[in-house]
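Asks: Okay, structure incoming, though there's no sequence with it:
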């Protein structure tokens with residue numbers, strides 16, 4: 001009940017429990033499906049930690065009381081009665097609209113309740129809907145294949161340093177080995193020869209997939225977050241996914257010359273993922289220390305930890321005093337016309353686009369008042385390649 005109260009208080013979102021726990025901690029024995037009134041009981045497994053399913057019985061049956069134990073059974077009956085009286089009924093339309101949150105309980109340690117959640121999730125999930133394009137929308141029933149790349153992941157297998165691009169299929173049918181075009185790469189043709197689906201640590205090769213499916217594609221450095229891939233002669237282009245607006249900035253350096261190769265490779269792959277963004281001083285052609293840009297300290301900690309553990313490269317960080325960044329969307333020519341710019345650090349991103357760093361919002365507002373001709377944006381998309 002404390003969890004329900006906290007979710008509703010913090011997120012202003014009412015909850016409707018669908019599965020309720022029987023006991024907690026060491027007394028946790030299973031769950032009750034509040035919709036079917038079925039009890040799913042388990043016992044702790046062997047050293048692998050996997051739970052063994054014991055029985056599935058009706059909550060109000062004599063077998064349930066016998067298997068659960070009198071004291072815990074009575075407590076469960078009382079809990080279920082309170083839940084049904086005090087929480088709203090599950091309205092599937094409200095759930096799909098984000099007005100109500102379904103609540104499930106289980107044991108991640110023993111992997112119990114996960115299958116029940118997944119089966120219930122299938123009934124909650126809605127079929128693929130139309131996807132917004134830069135102009136108009138695209139129905140899932142559209143005959144040509146299209147997909148949006150929404151995540152990049154490096155180093156899934158440290159032995160092979162592989163990189164994967166995750167794409168959600170929006171229309172058409174995926175078939176192994178099919179040839180697609182990339183809208184960001186000017187229609188360049190790509191062959192999707194190796195596609196996978198991942199579930200936890202398991203990987204399965206994908207031969208066919210449909211709208212709503214998420215597939216993992218081998219990424220040789222061609223994909224960026226927000227890319228659209230498609231088939232057919234008609235250009236398909238989704239709005240894309242912007243990078244975050246950074247608020248913290250630090251120089252990063254390799255701690256040891258002997259680790260420099262691993263440091264550079266690891267940093268490049270983490271940047272491709274979008275873990276952080278990288279800037280350089282305006283006149284730095286690659287010989288100086290790169291500047292990492294992030295929203296919070298945790299992102300820097302993740303970069304350092306992954307560099308050390310996955311790429312065997314230690315690093316040092318040096319904070320910079322800036323808290324605001326703005327991309328100049330009308331380019332270097334506009335920056336040069338506006339110069340000199342006082343109390344502004346002029347940097348460039350990975351694609352050599354101008355980025356202005358400010359100590360605070362006052363500095364940003366002061367610049368905007370003096371130079372309204374500068375077109376500023378708090379974030380940026382990966383640029384098109386002609």
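Replies: Nice, I can see it. Being a predicted model, the structure only gives us computed values, none of them experimental. Residues are numbered from 1 along each chain as shown.

Asks: By residue count, what's the longest helix in this protein?
Replies: helix 70-86 (DSSP state H).

Asks: helices or strands up against it?
Replies: If you count contacts as 3 or more Cβ pairs under 8 Å, 6 or more residues apart in numbering; DSSP states H and E, helix 70-86 packs onto strand 19-22, helix 62-68. Where C-beta positions appear, they are placed from N, C-alpha and C, glycine not excepted.

Asks: Need the winner for burial among those.
Replies: Counting by mean count of other Cβ atoms under 10 Å, strand 19-22 has the highest mean neighbour count of the helices and strands packed on helix 70-86, with a mean of 21.

Asks: Now that one: average pLDDT?
Replies: Taken as a whole, strand 19-22 has a mean pLDDT of 89.

Asks: mind listing the strands in the stretch 251-386 of the chain by residue range?
Replies: Assigned by DSSP state E, counting those that start in this stretch, the stretch 251-386 of the chain shows strands spanning 277-281, 291-294, 315-319, 324-328, 345-349, 354-358, 376-377.

Asks: isn't there a strand covering residue 204?
Replies: Yes. When classified by DSSP: H, G, I helix; E, B strand; the rest coil, residue 204 is found to be part of a strand.

Asks: Find the residue closest to it in space, skipping its chain neighbours.
Replies: Excluding the flanking residues, the one nearest residue 204 by Cβ to Cβ, 6 or more residues apart in numbering is residue 197, at 5.1 Å.

Asks: and if you look at residue 38?
Replies: Residue 38 sits nearest to residue 56 (Cβ to Cβ, 6+ apart), 5.8 Å away.

Asks: Now the helix or strand that contains that neighbour: buried residues?
Replies: Assessed by DSSP states H and E, residue 56 sits inside strand 52-58. Going by neighbour count (16 or more other Cβ atoms under 10 Å), the buried part of strand 52-58 is residue 57.

Asks: Residue 286 is nearest to which of the helices and strands packed on helix 70-86?
Replies: Nearest to residue 286 among the helices and strands packed on helix 70-86 is strand 19-22; the distance by Cβ to Cβ comes to 54.3 Å.

Asks: Identify the neighbouring strands of the closest one in the sheet and state each direction.
Replies: Note on strand 19-22: by DSSP bridges, its sheet partners are strand 30-33 (antiparallel).

Asks: Tell me the buried residues in the strand it pairs with?
Replies: Neighbour counts using 16+ other Cβ under 10 Å place 30, 31, 32, 33 of strand 30-33 among the buried residues.

Asks: Quick check: the gap between the last one and residue 330.
Replies: From residue 33 over to residue 330 the distance is 58 Å, taken as Cβ to Cβ, to the nearest Å.

Asks: With residue 55 as the reference, measure out to the residue lying farthest from the centre of the chain.
Replies: Distance from the centre of the chain peaks at residue 62, with 45.6 Å (Cα atoms, centre = their mean). According to Cβ to Cβ, residue 62 stands 13 Å off from residue 55.

Asks: Show me where the stretch 51-200 of the chain has its helices.
Replies: 62-68, 70-86, 92-96, 114-124 (DSSP state H, counting those that start in this stretch).

Asks: tell me the centre residue of this protein?
Replies: Closest residue to the average C-alpha location of the chain: residue 151 at 6.6 Å, with Cα atoms, centre = their mean.

Asks: measure that residue to residue 270 for me?
Replies: Going from residue 151 to residue 270 by Cβ to Cβ gives 13 Å.

Asks: Over to residue 249?
Replies: 16 Å.

Asks: Can you give the distance from the lowest-mean-pLDDT helix or strand in the chain to the centre of its chain?
Replies: In the chain, no helix or strand scores lower on mean pLDDT, DSSP states H and E than strand 52-58, which sits at a mean of 77. Taking Cα atoms, centre = their mean, to the nearest Å, one finds strand 52-58 lying 35 Å from the centre of the chain it belongs to.

Asks: likewise stretch 13-28?
Replies: Worked out by Cα atoms, centre = their mean, stretch 13-28 lies 26 Å from the chain centre.

Asks: Report the buried residues of it.
Replies: Buried residues in stretch 13-28, defined by neighbour count with 16+ other Cβ under 10 Å: 15, 16, 17, 18, 19, 20, 21, 22, 23, 28.

Asks: now do stretch 130-144
Replies: Taking 16+ other Cβ under 10 Å as the criterion, stretch 130-144 shows 131, 133, 138, 140, 142 as buried.
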